[in-house]
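1. 3D model of this:
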Amino acid sequence: MKITYQIDKFAVNFFRKQFYKRTIENKSVRLPKFIAWDCTRRCNLHCEHCGASKESYESELTTDEIKKIINDISKIKRCFFGATGGEPFLRNDLLEVLSYAKSKGLGTGFASNGFLISKEKAEEIKKSKVDSIQISLDGLEETHNKIRNNPKSFFSAIEAIKNLQEIKVPILSVATTLTPNNFDELEEIHNLLAGLGIKKWRIVIIMPIGRAEDSKNLQLNPDQLKSLFSFVRNNNHKKMYIYIGENLPFLGEYEESVRDEPALCPVGITACCIGVNGNVRGCPEQPDIPELIEGNIKEDSILNIWQKGFKKYRLNEAVYTDKKCINCKDRNNCYGGCWVMRIGGTNCIYDLLNKEFCNQATDVFFSRCRI
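-> This next block holds a predicted model:
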């Protein structure tokens with residue numbers, strides 16, 4: 001048992017209890033610390049697992065509209081504003097917007113496939129003073145190019161990483177979506193990233209949205225998932241920090257040996273997402289559908305939407321509406337799992353590991369009778 005992990009877990013539970021209590025009492029809650037901007041669904045690649053393909057839009061927020069939103073966000077102390085997509089660099093105003101956010105005192109960043117980050121573009125990024133950049137890399141050359149359906153995508157991603165290293169981005173990380181198609185290259189990807197000087201590597205498994213919605217063959221099997229956990233446990237902090245993405249917020253018996261700290265799902269607690277057309281939802285991966293939309297920034301301010309919405313996350317509805325969660329002793333550890341994974345029925349770690357779920361539930365503060 002990691003003492004530091006247990007201390008962090010206590011703090012996370014306490015933090016969530018405060019949100020629960022204040023939501024029940026209809027009081028204001030703490031403002032978000034991270035706001036994602038789903039800036040476009042346009043993309044220059046065609047990845048087999050893409051979640052951004054789940055919707056398309058006729059129009060996007062204008063530069064002036066997003067700057068107006070940033071004015072509101074800047075009222076929050078120590079807030080981070082990050083752009084995602086699609087491919088963010090298909091918006092010609094991306095760096096203008098991020099520079100504006102920076103001038104307003106916000107932390108800034110973006111996630112990209114790297115295809116458009118030339119040396120010249122890297123110099124523009126340097127001038128914008130972006131704090132954090134994440135580049136996607138899903139395998140060695142042949143595999144990455146096949147997954148992303150472009151013969152130049154691997155070279156472009158590697159060159160982007162090198163160009164960004166040269167301008168000394170404060171935080172440069174790589175994200176890998178792991179599937180059976182690239183699982184056997186895990187160790188080689190690790191060595192490649194170490195050689196490139198990467199210090200932070202995020203590994204995620206497939207979310208059942210977009211092109212991966214009906215692709216069961218892209219999901220890791222139980223043995224592969226266990227091997228992934230063992231790999232992270234054995235290699236974390238040796239060459240770089242390696243962490244499992246938040247769509248697996250609880251890892252069952254592997255949790256404390258793999259993670260340094262609990263993975264709090266931030267949706268409605270510390271984070272939210274502004275969509276392409278101004279709809280506000282929990283995170284970029286969530287579908288833009290009525291039951292997940294909390295409001296629209298063209299009709300209300302982001303601060304008002306934050307205070308009025310997101311109740312199902314703060315009251316943790318999944319714990320008391322899912323029969324499996326109700327009877328699970330680990331419901332205070334996973335809180336019902338990732339809401340996006342729940343769409344495809346892949347939210348339970350015990351199902352993913354092909355293990356019988358825990359059925360020794362104890363009292364939990366998220367009980368329906370207390371709402």
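2. Below-threshold pLDDT in this protein: ranges please.
-> Low-confidence segments of the chain (pLDDT under 70): 1, 356-371.
3. can you do 50?
-> Applying pLDDT under 50 to the chain picks out residues 361-371.
4. Any idea which residue is closest to the centre of it?
-> residue 246 (6.1 Å; CA atoms, centre = their mean).
5. max-length strand in this protein?
-> For the chain, the strand with the greatest residue count under DSSP state E is strand 171-178.
6. returning to that earlier point: wait, doesn't the residue nearest to the centre of the chain sit right on residue 269?
-> No - Residue 246 is beyond contact range of residue 269, at 11.5 Å (criterion: CB atoms under 8 Å). Where you see a C-beta, it was placed from the backbone N, CA and C, and this is true even at glycine.
7. just to revisit the earlier point, contacting residues for the residue nearest to the centre of the chain?
-> Contact partners of residue 246, counting by CB atoms under 8 Å, 6 or more residues apart in numbering, are 263, 264, 265, 266, 338.
8. Quick check: which element contains it?
-> Using DSSP states H and E, residue 246 sits within no helix or strand.
9. Could you measure from it over to residue 339?
-> Distance of residue 246 to residue 339, computed by CB to CB, to the nearest Å: 11 Å.
10. what do those two both touch?
-> In contact with both residue 246 and residue 339: residue 265, using CB under 8 Å, 6+ apart.
11. Let me know how buried residue 276 is, in neighbour terms.
-> Residue neighbour count, defined by other CB atoms under 10 Å, stands at 23 for residue 276.
12. now the closest residue to it other than its chain neighbours: how far from residue 348?
-> With CB to CB, 6 or more residues apart in numbering as the criterion, residue 276 has its nearest non-adjacent residue at 4.7 Å, and that residue is residue 57. Distance of residue 57 to residue 348, given as CB to CB: 32 Å.
13. ok, the two, which is more surrounded?
-> residue 348 (22 against 16).
14. Surely that one and residue 324 touch.
-> Yes - with contacts defined as CB under 8 Å, residue 348 counts as touching residue 324 at a distance of 6.4 Å.
15. Residue 17 is in what secondary structure piece?
-> For residue 17, the host element (DSSP H and E) is helix 3-24.
16. which other helices and strands contact that helix?
-> Judged by 3 or more CB pairs under 8 Å, 6 or more residues apart in numbering; DSSP states H and E, the packing partners of helix 3-24 are helix 311-314.
17. Flag every buried residue along the helix it packs on.
-> Within helix 311-314, the residues scored as buried using 16 or more other CB atoms under 10 Å are 312, 313, 314.
18. Report the buried residues of the helix or strand following that helix.
-> Along the chain past helix 311-314, the next helix or strand (assigned with DSSP H and E) turns out to be helix 317-321. Burial within helix 317-321, assessed by neighbour count using 16+ other CB under 10 Å, is assigned to 317, 318, 319, 320.
19. Switch the residues you listed over to a markdown table; also include distance to residue 187.
-> A markdown table is the format used below for these (distance: CB to CB, whole Å):
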| residue | distance to residue 187 |
| --- | --- |
| 317 | 40 |
| 318 | 35 |
| 319 | 37 |
| 320 | 42 |
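20. now, among those, which is nearest to residue 145?
-> residue 318 (38.1 Å; CB to CB).
21. quick one: contacts for the closest one?
-> By CB under 8 Å, 6+ apart, residue 318 lies in contact with 325, 335, 336, 337, 339, 342, 347.
22. secondary structure element for the first one?
-> If I follow you right, that is residue 325. According to DSSP H and E, residue 325 maps onto helix 323-326.
23. So which elements touch that helix?
-> Packing partners of helix 323-326 (3+ CB pairs under 8 Å, 6+ apart): helix 317-321.
24. Need the CA coordinates for the helix it packs on. PDB is fine.
-> Taking Å, rounded to 0.1, in the frame of the first residue of the first chain, the C-alpha atoms of helix 317-321 are listed here in PDB:
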ATOM      1  CA  GLU A 317     -25.600   9.100 -10.700                       C
ATOM      2  CA  ALA A 318     -23.800   6.100 -12.200                       C
ATOM      3  CA  VAL A 319     -23.200   4.700  -8.700                       C
ATOM      4  CA  TYR A 320     -26.800   4.500  -7.800                       C
ATOM      5  CA  THR A 321     -28.400   3.800 -11.200                       C
END
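25. chain center to it, what's the gap?
-> 22 Å (CA atoms, centre = their mean, to the nearest Å).
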